[in-house]
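*Asks:* Give me a 3D structure for the following:
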Amino acid sequence: MMTKNQTIILAVVLILTTMALGCERSLGKRTQKEIFIESEMPAPLPMDQNHAFLNMMPQDEIHAGLNLGDMPMAQSAQLEQSLDKSPLRWTTPEGWFEKKGSGMRVATFTNDNETTPVETTIVSLAGGAGGLTSNITRWMGQINMAVPNDNELEEFIQGQERVQTTSEWSAILIDLTQLQQGTADNTPSMIAAVIDRGQSQIFVKMTGAKRSVLENLASFKSLVQSISPAE
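*Replies:* Next comes the predicted model:
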């Protein structure tokens, strides 16, 4: 039988032991710390000041996929199959600068004029690529132009200039500025060409303000006519 002093000592020992165990549990408590590492993504290279506004122009259905990397994989693969990758050659107009093709673009061109900047692209697609009329109506929607009725649209198409390339491919120039009479010089506009290769279609599109595309029409036409198969 323990004495009173022994009982007190035992109680003190039990209290100290309990406190020690509690401290060990506290010290043994695991904590988690989340560490976030920010990767530095390279900022997209902006276009020069003269051509920056061209990026704000919407793309039609065919040319919306010019950058295949921004598209869902299935759609990107489908568009990839629609491309005609037959090598081409051309003569870059004087005062224009050629950029390396990417995505669906065979090539991209800008000019060096500060007051009348334009951007021109070449895209080559297999088959009929949706047909001429449907593409023209999409291009009109791209620059917020009202689409005329069927008869007026057909009359417009029939009145467009036909040319031949140096390789004797037939091409039609679609000058949408002809439907923008009375609009301001800075109205978004486009002149396009469709080169018929039979098994594929080559689309050459020049976009910019109405004044810009009109002043670059001769250069655009020379580019279109110079396109031929690469040897």
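*Asks:* what residue ranges in the protein score low on pLDDT?
*Replies:* Low-confidence segments of the chain, defined by pLDDT under 70: 1-82, 128-130.
*Asks:* Just the strands from the chain, written as ranges.
*Replies:* For the chain, the strands defined by DSSP state E occupy 88-89, 96-100, 105-111, 118-126, 162-164, 170-175, 188-196, 200-209, 228-229.
*Asks:* From the rest of the structure, what touches the fourth one?
*Replies:* Read that as strand 118-126. The contact list for strand 118-126 (Cβ atoms under 8 Å, 6 or more residues apart in numbering) reads 51, 54, 62-63, 66, 81-86, 88, 90, 96, 101, 104-111, 199-208, 212-213, 216, 220, 223, 227. For every residue, glycine as well, the C-beta is placed using N, CA and C.
*Asks:* If you count neighbours, what's buried in that strand?
*Replies:* Across strand 118-126, burial judged by 16 or more other Cβ atoms under 10 Å covers Val118, Glu119, Thr120, Thr121, Ile122, Val123, Ser124, Leu125.
*Asks:* coming back round to it: using JSON lines, please lay out the strands of the chain together with distance to Glu152.
*Replies:* Shown next, in JSON lines, are the strands of the chain (distance: least, Cβ to Cβ, whole Å):
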{"stretch": "strand 88-89", "distance to Glu152": "34"}
{"stretch": "strand 96-100", "distance to Glu152": "33"}
{"stretch": "strand 105-111", "distance to Glu152": "32"}
{"stretch": "strand 118-126", "distance to Glu152": "27"}
{"stretch": "strand 162-164", "distance to Glu152": "20"}
{"stretch": "strand 170-175", "distance to Glu152": "15"}
{"stretch": "strand 188-196", "distance to Glu152": "18"}
{"stretch": "strand 200-209", "distance to Glu152": "22"}
{"stretch": "strand 228-229", "distance to Glu152": "34"}
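*Asks:* so which of these comes closest to Glu154?
*Replies:* Nearest of the strands of the chain to Glu154, taken as Cβ to Cβ: strand 170-175 at 13.2 Å.
*Asks:* Mind listing the strands that closest one pairs with, and their directions?
*Replies:* Sheet partners assigned to strand 170-175 using DSSP bridges are listed as strand 162-164 (antiparallel), strand 188-196 (antiparallel).
*Asks:* Comparing the ones you listed, which stretch has the densest surroundings?
*Replies:* Among the strands paired with strand 170-175, strand 188-196 has the highest mean neighbour count (mean count of other Cβ atoms under 10 Å), at a mean of 23.
*Asks:* Run the angle between it and strand 118-126 for me.
*Replies:* 30 degrees (axes from the mean of the first three to the mean of the last three Cα atoms, to 10 degrees).
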